[in-house]
Structure formats: C-alpha cells, structure tokens
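Engineer: Sequence and computational prediction follow.
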Amino acid sequence: MSGPIGFFAELKRRHVVRAGVLYVGAVWALAQGIAQLTPVVGAPDWAARWFLVAAGIGFPFWLVFAWFYEFTSHGLQRESELPPDPARVHSTARKLDFAIIAVLAIAVVLLLTNTFVWRKGAGLNTAAADFTEIPGKSVAVLPLANESGDPQQDYFSDGLSEELISDLTQINGLKVIGKTSSFRFRHSSDAPAQIGAALGVANLIEGSVRQSGQRLRIVVDMIRARDGASVWSHTFDRDLEDVFAIQSEIGAAVANALKIKLLGKPVVSERPPGGSIAAYGAMLQGRAIARHGTPEAYRQGIALLEKAVALDSRYAYVYGLLSNYWINLGSTFTGQAQQQAFAKARTAANREYELAPNSASAHLDRAYVLSVLDLDQMAALAEYRQALALAPNDETSMAFLALQLGTVGRWQDSADLYRHALVTDPLRPDWYAILADDLIMLDRLDQAGQALDTALALQADFPGLHQQQVVIDVLRNDFPAAQRDAAQETAGDYRSWATAMAMQISGNQARADSALRDYQTRNASSQPYVIASLYAIRHEPDKTFEWLDRAWKQHDTSLAVLFFDPFILRYRNDPRFAALARKVGVMPPAAADSVAKP
C-alpha cells in the first residue's frame, strides 16, 4: 500500500511511534531526577536545562534509529534483514508497551515525590523551587556560635554578628537580612534551604567565635542556601585587638565572593573611634543586658555603657545608646526622677551629635528625643529622613522613618515603607504590628487583621497584638470578638486596656461605666491618654478632650500615637483637636483640618 495511510501503517509496524513515546517518557523521568539531585551533587543550575536541549536534538535521531532497527530475542537487528513475522511484531509491541508504562510510572512517582515530599521539607532540596525568585546577591548572617564555654560570653559573639550585618549593609547591591530575623535561627536544626527560603536569601553566613584571654579565633563560612555548598570560608586566629580588622576582612571577602563592590566606610558604626577593645566589650555587654527591657536591666546596661564612654570619651555610638535607655528607664518613673532621666537622655543625644554629626545613628537618636520628649513630631520626621539618607540600606533607619510617617498621619507612606523594610527583616512581629496600625487607619481592617495574624504566627505572646485586634473588633462593633480577643491578651497592661475597650461596646451601659470607672481609678495618673481614648469610644467629646488636656499637662508620651488612634480622630474636625495637634507638633498648624478619615 502506498500513500500517507501506508506510511503511517509502516511507522506502526516498525514501532516508531511507541519508540517516540518511550523516549519522551524517559526524558521526562530523567529530567525530574536530574532537577531533584542537582543541588545534592553540587551540579550547576543549567544541568537539567542542557539535558533537555540535548534530548531534543537527539529525538529525531532516535526515531530514525527505530525505523531501521528492531530489538529481538536475538539482540539488535536491522529491520530489513528480518522476515515478516506478525507474532514477532506483536511480541515487540507488547514489550515496548510495558516499557512505556514502567517509564511513565517512574516519572509520575518522581513528580509526586517532588510535589508532596521534597517541597514539604523531607527531601534534600527543600524549598528549592522558591529560590528562583530570590536574588543571588543576598545574604543572612546567622548568629555566630559562642564556643568559649561560657554562656555569659554570648554578648560578644552576638555583637560581632551584628557588626558584621552592619558592615555588609554597606555593600552596594547586596540584600542583607536584619538581625532580628536572622537571629531567630539560633541553634536551628533547619536545613540551609529552609532557612534561606524563610529569609529570602541565596547565601548564609555562619560560624563560631572562641575567645581565650587576649586570643581570638573566628571561623566563618558562607554557604549557598539552596544546597549548603560552601562559597567561601576562612579561619582567623588573631589577637583580640585585631577584631575590627577581622570584621572588615570578612566584609571584603563576602563582597569579592559575590563579585560586588563595597560602598566605603559605614555610616552606622558600633566601633570605638580610639580602638579600645575594653570599651567595645563594655558596649556589647551593656547593650545586651539593657535589651531585656526591665528597669533593672536598663540600670545595669547604663552602668556598663557609662564605663565604655569613660574608657573612650569620643565613643559616639554609646552616647546614642545611653540616650535611648535613659528615655526608656525614665518612662518607668514619675515626677522629678523622670525629668532627671530625660535630661540625661537629652544630654547624651546632644553629645553623640557633636561627635558624629554625619552618623545615621546620631540623627535617629535626635529624632527619638524630639518625638518622645519634645513631642515635636515634624522635627523628628526630618531627622528620621536624614538618618535614612545617610544609611539607605539600614533597616532600622527605614523602620523608624516608617513609624514616624504614621505618627504624622502619612499612613500609606508608612505602610509602603514597612513593607519594604520587611523584605530585609521579614520575621519581625513588631513591624507587622505597626503595619496593622497603618492599615487600621486606612480603614483596611481585613488587611490589618491579616498582618496581626502574621505577627501572632511569628510570636504568639508578643505584647499588644490581641489589644490591636480588639481595636478592629470595636470598629466593627463586634462585642463577642472583642471580649474573646481581650481575654487572649497576655500582657497585663494591654489586657486591662483591651478589656475596658471591649466593655464600651457591650450594649450594657452599667457594665461599660463600671469598666471605665475601674480603669480610671487605677490609671488616672499614669495613662490619661488611654482614658481619653476610652471616652472617645463612648462618643463623649468633652470628656475626651478633658483627658487629652490632662495627658498634655502630665507629659504623657502616649500623645505621640495620636494619629494612630481611630477613636480620637473621630473628632479631627473639632477645633480642640487642631489646637492639640499644634501643641504636640504632629503636623503643621495649617494642615490640622486635612487629616484623612480613618
């Protein structure tokens, strides 16, 4: 028979179609196997791609081979040399059918394994698919392990890790994850691929620090997150006084390994200008203790920081820490003790600025004083802008500017900047919490709830998150939800505040009045602003402004969040609100009547 029908019949008789299907199935199965095993054996990323290219080129040759040759019980033979035998043709067809089924079954198993096992974390290439979206020039510094044998020395290894992060942010074009997110993986048993995917980086830096007397041993290894392969590693055995040189060498080595350039001298430097190792150690230890956030921790931390500036009186960074911690400690005081603490904070911030006027941290600390102590929010905003201009890659400068933008009512700008900051520090519940505040003020309550859910997933006991959920519940007039969320708040002050808020929408006036009276009796001297906000929930403007006036007279630092309060902003068109806004410097007087509706 001649013509197309005869040709296709001949293709079928010679098993060319079956051979083609078998070839495609085998290529599919092998491609999946290569893709899954490439990271394990350290093969380059292009291996699977070029295998497919080669397979595509080889396909027509395979079809030609199938036309001229046939596998028989006696081995490979030319088809033209075989006599016609329908039984042999049928037997070969069945063998090819079984081979096709086997190959396709293997391909399906590999596909299911990749989808439901390996990508869930049980395989060796966990989260590999996610790395297609991650920039190659990205890195996270995991906390360097303290191998001194003394847990009390953790502050030193942690301090070196933080300084390394600060140095790396000065590398042009390098995405560096912030300390808070990176340090969540301390002592983690997660695979590098899991950590890299969670942080959104292609590379991880890990290592250890051992201090013995005046000798220092630092082991650093930069690995590729996708497969754990080492990109660069080095061991430094030096005198303790060489610690700053080691940090600089590590930064330069990372830049060289990733083929990118250093920007130059850091604008946020934690190192003492005189090179005093003792002053540096006192700073690291004092900062680590003060970060516990209790009054006693602040006192101990301040004592060590004052020791650091006694050793190096030009240590600008330490004066900034002293300013911050004196404000935080003073906020726990009242009366004369508070004013003395605040005066010390102001003096320290001024000294830092005198020593390092072009330092981003000096502008951050000046802004904090202006915002919290002077309640001059617009002046603080200008300082935060200057800090970010000096350190454009510093996520701390970015986050503080975002917070201040929200403080002056620029909620959309604040939310956008927080989202940008979360790219480089993605596991921070506090930033998600403030992003939720912005979204509440923008009347995007569903999105705000999602941000709070993310924060709770990161840290279920983070203080104030359930109180923020109560704000959403009250705005929705959902008393059962407000009561439930208030009961879940773990922080005592926030829980009593959340409970009082919830009761104001209970529908029972007697219960609402009782809750307000009880809160007012216990907190009149310390929280006049919160009491004003509770009256705003009740739609009582006169009482609201009476307590806002008390808050101003008592110098209640909560006035700084005036533009994060959707209840008080109900009265944004009241002349008394404009007058208060002028007092606290939240915005220019002429703009007092242009506040966006929450």
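Structural biologist: Looks like it came in fine. Numbers count the residues shown, from 1 in each chain.
Engineer: Please verify my assumption that L164 contacts Q247.
Structural biologist: Yes - contact status for L164 versus Q247: in contact at 6.0 Å, counting by CB atoms under 8 Å. Every C-beta, even on glycine, is put in place using the N, C-alpha and C of the backbone.
Engineer: could you pull out the strands for this protein?
Structural biologist: Taking DSSP state E as the test, the strands found in the chain are 69-72, 75-78, 138-141, 145-146, 175-176, 203-212, 215-224, 230-239.
Engineer: Comparing the ones you listed, which comes out most buried?
Structural biologist: Mean neighbour count (mean count of other CB atoms under 10 Å) peaks for strand 138-141 among the strands of the chain, with a mean of 26.
Engineer: strands paired with that one, and their directions?
Structural biologist: Using DSSP bridges, the strands paired with strand 138-141 are strand 175-176 (parallel), strand 203-212 (parallel).
Engineer: any idea how far it is from the chain center?
Structural biologist: Its chain's average C-alpha position is 12 Å from that of strand 138-141, according to CA atoms, centre = their mean, to the nearest Å.
Engineer: In PDB, could you pull the C-alpha coordinates for that strand?
Structural biologist: Presented in PDB, the C-alpha positions along strand 138-141 are these (Å, rounded to 0.1, in the frame of the first residue of the first chain):
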ATOM      1  CA  SER A 138      21.600  38.200  49.000                       C
ATOM      2  CA  VAL A 139      22.800  37.000  52.400                       C
ATOM      3  CA  ALA A 140      21.800  36.500  56.000                       C
ATOM      4  CA  VAL A 141      24.200  36.400  58.900                       C
END
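Engineer: what's next to it, contact-wise?
Structural biologist: Contacts of strand 138-141 with the rest of the structure, by CB atoms under 8 Å, 6 or more residues apart in numbering, involve 161, 164-165, 168, 174-177, 179, 181-182, 195-196, 199-205, 222, 254, 258.
Engineer: how about low-confidence regions in the stretch 51-200 of the chain?
Structural biologist: Applying pLDDT under 70 to the stretch 51-200 of the chain flags the ranges 62, 66-67, 70-98, 103, 107, 110-131.
Engineer: so where do the helices sit in it?
Structural biologist: With DSSP state H, counting those that start in this stretch, the ranges of helices along the stretch 51-200 of the chain come out as 86-116, 154-168, 179-182, 192-199.
Engineer: the domain parsing of the protein - what is it?
Structural biologist: The record's domain parsing of the chain by automatic domain parsing lists 4-120, 128-257.
Engineer: Can you lay out the strands of the chain as TSV showing distance to M378?
Structural biologist: Below are those laid out as TSV (distance: least, CB to CB, whole Å):
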stretch	distance to M378
strand 69-72	84
strand 75-78	86
strand 138-141	36
strand 145-146	44
strand 175-176	31
strand 203-212	40
strand 215-224	43
strand 230-239	46
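Engineer: Go through the ones you listed and name the closest to P566.
Structural biologist: Checking those against P566 by CB to CB gives strand 175-176 as the closest, at 34.9 Å.
Engineer: Just the residues contacting that closest one, thanks.
Structural biologist: Against strand 175-176 from outside (CB under 8 Å, 6+ apart): 135, 137-141, 165, 168-169, 200-201, 393, 423-424.
Engineer: From L516, how far out is the nearest residue in space to H466 that is not next to it in sequence?
Structural biologist: Leaving aside its sequence neighbours, H466 sits nearest to E489 (CB to CB, 6 or more residues apart in numbering; 3.9 Å). E489 sits 18 Å away from L516, going by CB to CB, to the nearest Å.
Engineer: I218 now?
Structural biologist: Separation of I218 from L516 (CB to CB) stands at 58 Å.
Engineer: just V53 next, same as before
Structural biologist: From V53 across to L516, the span is 74 Å (CB to CB).
Engineer: who's more crowded, these two?
Structural biologist: Taking other CB atoms under 10 Å, V53 and L516 do not tie; L516 has more neighbours (21 against 11).
Engineer: so that one touches A500, yeah?
Structural biologist: Yes - at 6.4 Å, L516 counts as touching A500 under the criterion of CB under 8 Å.
Engineer: list the residues that contact both of these two?
Structural biologist: Joint contacts of L516 and A500 (CB under 8 Å, 6+ apart) are L534.
Engineer: With distance to A510 added, can I get the strands paired with strand 138-141 in CSV?
Structural biologist: Formatted as CSV, the strands paired with strand 138-141 follow (distance: least, CB to CB, whole Å):
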stretch, distance to A510
strand 175-176, 56
strand 203-212, 59
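Engineer: Could you find the closest non-adjacent residue to R299?
Structural biologist: Nearest non-adjacent residue to R299, counting by CB to CB, 6+ apart: L329, 6.9 Å away.
Engineer: again, but for L388
Structural biologist: Here the residue nearest L388, using CB to CB, 6+ apart, is S397, at 4.4 Å.
Engineer: Return the residues in contact with the one you found.
Structural biologist: Contacts for S397 were tallied using CB under 8 Å, 6+ apart; they are 268, 360, 364, 384, 387-388, 390-391.
Engineer: If we use 10 Å, what do you get?
Structural biologist: Counting by CB atoms under 10 Å, 6 or more residues apart in numbering, S397 makes contact with 267-268, 360-361, 363-364, 367, 384-391, 421.
Engineer: what about burial for those, which qualify?
Structural biologist: By neighbour count, with 16 or more other CB atoms under 10 Å, these hold 267-268, 360-361, 363-364, 367, 384-388, 390-391, 421 as buried.
Engineer: so which of the strands of the chain comes closest to R428?
Structural biologist: Proximity to R428, assessed across the strands of the chain by CB to CB, is greatest for strand 138-141 (13.6 Å).
Engineer: quick one: low-confidence parts of the stretch 251-400 of the chain?
Structural biologist: Across the stretch 251-400 of the chain, the ranges flagged by pLDDT under 70 are 261-268.
Engineer: which residue ranges form the helices in it?
Structural biologist: 277-290, 295-311, 316-330, 335-355, 360-368, 377-390, 395-407.
Engineer: Touching, A337 and G330? I think so.
Structural biologist: Yes - contact status for A337 versus G330: in contact at 7.6 Å, counting by CB atoms under 10 Å.
Engineer: Can you report how many residues neighbour G56?
Structural biologist: Count around G56 with other CB under 10 Å applied: 10.
Engineer: Who's the closest spatial neighbour of D478, skipping the chain neighbours?
Structural biologist: I505 (7.9 Å).
Engineer: A515 now?
Structural biologist: Sequence neighbours aside, M503 is the residue nearest to A515 in space, at 3.7 Å (criterion: CB to CB, 6+ apart).
Engineer: Then A140?
Structural biologist: Using CB to CB, 6+ apart and skipping the chain neighbours, the partner closest in space to A140 is I177 (3.9 Å).
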